[in-house]
Each structure stands twice: as C-alpha cells, then as structure tokens.
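> how does the following fold in three dimensions:
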Amino acid sequence: MRSAAANGCHICSLVLKGFNDYSMDAVGPARQEDAVAWYQQKNCRIHIVHEPSSGLLKFDFETESASRNTALRYYFVSRRQHTNLPTSEPLTDHLRLANVKDTAEAFRPKLSRSASSDHTFSVINYWINKCQRLHSGCARDEAPQLPTRVIDVSTSTPFLHISTAPETGRQRARYTALSHRWGVGRICMTKKGNLDTHCAALPLDQLSNVFLDALTVTRRLGISYIWIDSLCIIQDSPQDWEVESGRMADIYSNAFLTISAALSGDEDLGLFAPRDDLLRRPCRVELAGPSQTNEGHPSGIGWETVRIWNQTDLAPLNLAYLYPLYTRAWVFQEQTLSPRILHFTSAGVLWECLFSNYAEPEPLRHRDWNDAPVKFSHRQQTANDPASHIESPVEIDPAHGKWLELIETYSGRDITFDSDRLPAMSGIAKAYKSWMGGLTSYEDYVSGVWSHNFFPSLTWYPNRSRLRWKLKRHERTSAYVAPSWSWASVNGPVSFLVRHRGSSWRYTDSLTSESSWQGDTQPLCTLLEARSVSRNSELDPTGRIRSGRIVVLGPVCESPFVFMASHHADKSGGVVFALVRRDDPTATPITERKNTPFELDVLPVDGKETPATHLTLLRIYPEFALILERIRDLSEGVFSTYRRVGWCLIKGYDSEAPLVRPDLFQREEVLAII
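The predicted model follows:
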C-alpha cells in the first residue's frame, strides 16, 4: 500500500493516512511503527465494504490470525447513498478510480498547495471580517494593553519590544499570540544574557520554522506585534517566569487572535509546509450499480462518478486525536482563553471563535468539534456586558460544575514537569474568578479547588478509560504538587462522581460502561478549614504551592474492610463486588491480594483474604467516602492527620444493599487531611 500510495494511488494514500492516524491514537507515536510491522507480518488485507444505512465505505483490516478486525476501520463518505451496492462482499468489482479529465470541474481541489497562498489568506480574512461584524462576544478592545514584551514585526528585522514605559505606562495595540509545542525544532529563548541583543534584533537564523511562519502570518494580517512565550518571557529568571506565566489569562484572552501550530508533530514543518497533493484533492471514484431507464426501472450495469470524502472532512473534529499539540496541558488554557484561534493543520487551516468553527476545505460550512474545551470569555464586569459574569447565587452551582468539567478535560493532557500542573491552569483560574464576578475570591481557591464547591471537588477518581494510548498509568506526582485530596496530586485524567449540588452521579472506567444515577448530594461533612501556602502569592496566587490541608468534621469508620468482609460473610454466591479504588494503582493494594489492586472482592471469611485494617473511611456523602491513611495521631497535634489514598461507594455499584453498614459511621471526628 505504501508503494502504491507513493506511485500516486489516491485511495491508497487516504487509507494509509487513516491507518497511521488510528495506530498513533491506539498505541502512541512511540509504538506506531511496531503496530505497522505487526500488520505486515500478519499479511494484512483490506476489504472495502459498503454500508448503505450511512452511505459509508468501510475499509476493514483483516489478518491471518483474525477475521475482520473491526477495531481498525477507516471511513470514507460519498455524497450519495448507494443502497443497491452489495454489503456482504468486497466492492472489488464495483469500485474504480474515476477519469480525472471528466470530473476536474465538478470536483475542484479542497486546499491550495500551501497555507501561505493568497487563497488561504483570503479565506482567513473572510473569517476575521465575519467575526468582527457579527460576534460582539468575540470583540476585544481594538487597542488592548500589550504584554510586558512582544515581538515587533512591522520592520524587516523583527525585534523584542518592551511595551512598558515609566512615563506612559503599558502601550496599547493589537497583537497575536502563538500556541506551539515545545521540543519541536529550535526553540530560541530569551535569557538574561541575550535580552539586550533580542531587543535590538532577533536572530532569524536561530528561529524555528514555526516561529518564522508565525511572524509572517502576523505581518500579512496587518498586525504589528506577536507574543511568543519562549522569546517574551526571560527563561532563566524564576521571578519573571512567575509573573508572566501568571498573566496568561490576560495575554491570550486579549490577543486579537491566537496562531496555533498544530501542523508540527516531531518535525519542525512550520505553518506553511507543502501539502500532499493526493490528500489535499478530493478522491474521485466510480461506483458500479444498476443504471435506470426514464421510467426508473433497472436497465443493466452503469458507472457513476462520485466524490469520496475523508470522514474527518465531514464529521465533528477531534483535534487531540489528530494533532499532538492538543494533548499538551499548557495548550489547554491557550485554547480555552483565546477568543479567536487559527489552527494550522495538515488538513488545512481551521477557524475557531466563541460562536463558530470553520475549516478551509469548506470555509462557509460550520463544523462541530467533539473535544473542544469549555469556552468562556475573560472579561471584567461592565454595565454593557451583563453576560460576562455570574450575577445570581442561584447560578453558582452549575458554574462550579463548569469548573470541574474544565478540570476533567485538562487532567487528561500531558505535561513535561509535574510542578507545572497548577501553573498551567492558573490563567483559567483567574478567568474563572473574573467570570464569577464578586461571588468568589483568590482566598477561595485552594490547590486547584474552589471552596464554595469543595465536597463535589473531592469526588474525583482516576479515570482509566481516558488514558491515552493505554501506555500510561495513574500515579502520584513524583514531586510535591498538591495535597493528596486535590485532583492535581495525581498524573492522568480524572473524572468527578458528582459535579455540584443537585447534579446526578456518574461513573465510568475501562471495566464498566458509563452509569449515572440520582443520589443524595447533600454532604454529611462540615469544612472547618481549607488553605494552601503559595510559593509566591503576590506574583501568582493561583500558581505553585508549598503545602495545603483541609480540616473536616464528619462521620468516620476505622478498619472499614474488616466490617465489610464480616457483613457479607453470609452472602450466598461467593463474591460481592465492591467499588473500592486506590488513587495510585502502583501502590500497595488495599487488600493483600496482589492481583486485585483496583478492586476489593469481599469473599466469605475463609482465610483466602486479609482485609486491610490500617485505613479509615470518611463519609463525605451518604453513598461516597474517602479512604484515608493515618499519618500522625491526635497526641502529636490538635487533630489526627491523614492523607487520601482512595475512595469507595458506600452503597455499592448498581446495588441497593450497603457495602458498609451505615450504623458504623455513628461517630464523628475532626481530622486534618494533607
């Protein structure tokens, strides 16, 4: 297939791209070649089958060891449904490439050869003008305050411009911002030693193709300034980094637009890389089927030319599935806070604003994105903008649910340094505070959690079904990032069982299908204290922290799993399933059964299992409890101190019978959790 694609077979090129996209998402880029080699060893064959109900052509991969491997499919969509095509056999005799000469006018190219073309920029300018005319919510001050440093591209020699002057204050002007992936190409950085040099002229020969092309895009859009993190933040100054990273909310939300370098994977392709001619043009094929007479009766076999579309040209987009940039944690807040984004991808330029999404192949048709982050504009309260913030306490519960939805999406992103887990959400935290108006303050933000919605925020659990490529595992961060009760204390995607007061309960992971149910969301605990110590609260109160703890009054049960085993000892059928999970599956299992680190199977007391006796349950809700491990006894301080190690459902999963008797929680205790 690779050989055929290299020799110009259009269908082979599209199928090969689909296979590569799927294998990268399934096993990750590090093992993509292994997946390809495995299919080569198994003499992989491809069957092209028609699915009349959806008008899809399915490319099924079959190997010697498995009949139709339905897990590896790639779809192409025709503009028409062909219900008369066979569905139980391959379409070998019913599909052929069309004559290009006969269809050149009907099927014009989807994309120009490069994003640098005049055609592409005319499309971009059309989107910008439409947004400026129709979308008041995307509007920004035409001359916002510039960030501390920006790159001036108005001259032939770009230079680092310092926008703050003692006499006049911060300069005002339009600017763009770049969202890119560190580690790709030459990342030129501003440091203390070259700051003056960069202020005179940037070394163009040291800039990556992404940086150079971003300067060109800014200049061609008639904008004089661009902000690029590695050049506009002094990278070897911890103080400057703290200050400027804490201003991310303002930098991205006030940018006229953000340029997103999604095209670059592990190579520095820039924004204007030449596009594969076979991938940029629509694939034209002919399908055989019964031809029709004037009366509509079949009259033999005829060939009809149809256009085959890659499904990603028509279906809702999944950016994280297609482009590595959108798996990065830092990029998440750039996506969330930017009012307008130009995504430069291998499939063309994509437009995103607060109200619409478009794609270059069909620039007038609105596109849906499945994995788009929750968007809200970072605007200060004004009399002319009543929708920019929460005004009524009635709205506060759904608003806090929105914060937890942001955390669920963000937590699945990759991050290079564990210590950046809270700083990479700092800009969104500031934007959220502004959006909430006067209903919250920085004192209410504790280790990634807002105190007004504290107990729902404790119902997080590591969601294994959202682990990318199935190669990683949840684990506690190697360095201190957050207290054990915070979602930020573990690496990997988390979900919340309940998002706010009055919402339904939800649970899903790789072992069970998603389930939701109506349960009591009135907490049984009282929050007495919640605090964290910032590394530098003056520079960034939502950034890195030194420590954090909560003090809670609530019902507790010591050595709960002894009672659980005893309670179910007389159950018939042998095994009762209890939903009990450790936050870190690499740690010692909750029971001594080493082969069940995720579950606790409560067996009849027959000597085969020794339940853990060193743990305590803190019952947060009638049917949810935290599993705590004692660190310090009461004699060593005012309160006994614990750390969170897991969670469990009191009532059980899909079970009416309680797994831990409610009467065991009669005693209340004040305890501290760090």
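
> so for residue 319, what pLDDT did the model give?
Note for residue 319: predicted pLDDT of 75.

> ok, it to residue 118 distance?
26 Å (C-beta to C-beta, to the nearest Å). C-betas here are computed from N, CA, C, even on glycine.

> who has more neighbours out of the two?
residue 319 (22 against 9; other C-beta atoms under 10 Å).

> who's in contact with residue 619?
Applying C-beta atoms under 8 Å, 6 or more residues apart in numbering to residue 619 gives the contacts 524-525, 554-557, 625, 650, 665.

> just checking: what are the partner strands of the helix or strand where it lies?
Applying DSSP states H and E as the criterion places residue 619 in strand 615-621. Partner strands and pairing direction for strand 615-621 (DSSP bridges) are strand 545-558 (antiparallel), strand 624-632 (antiparallel).

> residue 402: which of these is closest?
strand 624-632 (21.2 Å; C-beta to C-beta).

> domain-wise, how is the protein divided?
2-114+282-314, 118-273+318-359, 440-674 (automatic domain parsing).

> report all helices and strands that the helix or strand hosting residue 456 contacts.
Using DSSP H and E, residue 456 maps to helix 454-457. Judged by 3 or more C-beta pairs under 8 Å, 6 or more residues apart in numbering; DSSP states H and E, the packing partners of helix 454-457 are helix 396-411, strand 526-534.

> count the neighbours of residue 399 for me.
Quick note: residue 399 (other C-beta under 10 Å) scores 22 neighbours.

> ok, now residue 7?
Residue 7, neighbours per other C-beta under 10 Å, totals 9.

> do you know how far it is from residue 145?
For residue 7, the distance to residue 145 - C-beta to C-beta - is 56 Å.

> hmm, back to that, right, so the helices and strands packed on helix 454-457: which one is the most enclosed?
helix 396-411 (a mean of 20; mean count of other C-beta atoms under 10 Å).

> who's in contact with that helix?
So helix 396-411 is contacted by 329, 332-333, 336, 371, 373-374, 376, 390, 424-425, 428, 432, 435-436, 439, 448, 450, 452-453, 456-457, 460, 463, 487, 492-496, 499-503 (C-beta under 8 Å, 6+ apart).

> residue 348 is in contact with residue 322, correct?
No - contact criterion C-beta atoms under 8 Å: residue 322 and residue 348 do not qualify, at 11.8 Å.

> and residue 521, which of the three is it?
coil (DSSP: H, G, I helix; E, B strand; the rest coil).

> thinking it is in contact with residue 499, fair?
No - the criterion here is C-beta under 8 Å, and residue 521 misses it with residue 499 at 9.3 Å.

> between the two, who's got more neighbours?
The neighbour count for residue 521 versus residue 499, taken as other C-beta under 10 Å, is higher for residue 499 (26 against 22).

> ok, for that one, nearest residue in space, not its chain neighbours?
Among residues not flanking residue 499 along the chain, residue 401 sits closest, at 3.8 Å (C-beta to C-beta, 6 or more residues apart in numbering).

> which parts of the helix or strand where residue 127 lies are buried?
Per DSSP H and E, residue 127 falls inside helix 118-134. The neighbour-count criterion (16 or more other C-beta atoms under 10 Å) identifies 120-121, 123-124, 127-128, 131 as the buried residues of helix 118-134.

> same check on stretch 200-219?
For stretch 200-219, by 16+ other C-beta under 10 Å, it's 202, 207-215, 217-219.

> format these as a markdown table; extra columns: distance to residue 406.
Compiled in a markdown table, the buried residues of stretch 200-219 are given as follows (distance: C-beta to C-beta, whole Å):
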| residue | distance to residue 406 |
| --- | --- |
| 202 | 35 |
| 207 | 33 |
| 208 | 30 |
| 209 | 32 |
| 210 | 27 |
| 211 | 29 |
| 212 | 33 |
| 213 | 30 |
| 214 | 27 |
| 215 | 32 |
| 217 | 28 |
| 218 | 29 |
| 219 | 34 |
